[in-house]
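Undergrad: quick one: sequence and predicted model below, then my questions.
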Amino acid sequence: MLSIQKLIPQGKGLARVLLQRATTIELDWDVRQKSRFAATDSQGRELAIFLPRGQAVRGGDVLVAEDGSMVRVIAAPQKVLYITTCPTHGTPFDLMRAAYHLGNRHVPIELQPDHLKIEPDHVLADMLRSMHLTVVAADMAFEPEGGAYGGHVTNDGHSHHAHGNAHKHEHDHGHDHGHVHGPGCNHAH
């Protein structure tokens, strides 16, 4: 088994030809957020990854093995909820509001200018639909923000990470927006 203890974020500083020669591993977010895991690369080599605690692996990162070989990480498609504004009457502010409420629940979120992605959760999907957002189940790469849940290693070497027992804030803000939802919205009232 080949040991890996070094990560080059996004292959920064490496020549393109070296990146093209590197083997690959395709990993979902559940594996990439761990600092220690086993994997098999595109050449069938067994890898043992031992990174500093709290260091997440992102799609595009390059792992350097003990023999000097490189392995490029690909973010594997996985089940996600793809969240967009309602095409009939949504605004970009709707996504900002949704990100706020999801963040309040300590949910890993991928933030993009025109959409959000989260891991599947039917309760959260219903909440988002009630906020006039379109929520679609999909298989896509997932690259959540590196906030409190993702952890990071600070300059002083301390690792900071979230606790494993995330909690939900149960409350409801009932309201009537005074409009009818068009066919583009996939939520009911």
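TA: Received it, and whenever you're ready, just let me know what you need.
Undergrad: can you give me the end-to-end span of stretch 41-59?
TA: End-to-end distance for stretch 41-59, by C-alpha to C-alpha, to the nearest Å: 14 Å.
Undergrad: for it, which outside residues touch it?
TA: Contact with stretch 41-59 is made by 1-5, 7, 9-10, 23-25, 27, 31-33, 35-40, 63, 65, 71, 73-75, 141, 143, 146, 150-153, 159-161, as judged by C-beta atoms under 8 Å, 6 or more residues apart in numbering. C-betas here are computed from N, CA, C, even on glycine.
Undergrad: in PyMOL, how would I select the buried members of the residues you listed?
TA: To isolate the buried members of those in PyMOL, using 16 or more other C-beta atoms under 10 Å:
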select buried, resi 4+7+23+25+27+31+32+33+35+37+39+63+65+71+73+75+141+143+150+151+153+161
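Undergrad: any weak-confidence spans in the protein?
TA: 147-189 (pLDDT under 70).
Undergrad: related to what we said a few turns ago, filter the contacts of stretch 41-59 down to the ones in strands?
TA: The strands, defined by DSSP state E, take in 2-5, 7, 23-25, 27, 36-40, 63, 65, 71, 73-75, 152-153, 159-160 from the contacts of stretch 41-59.
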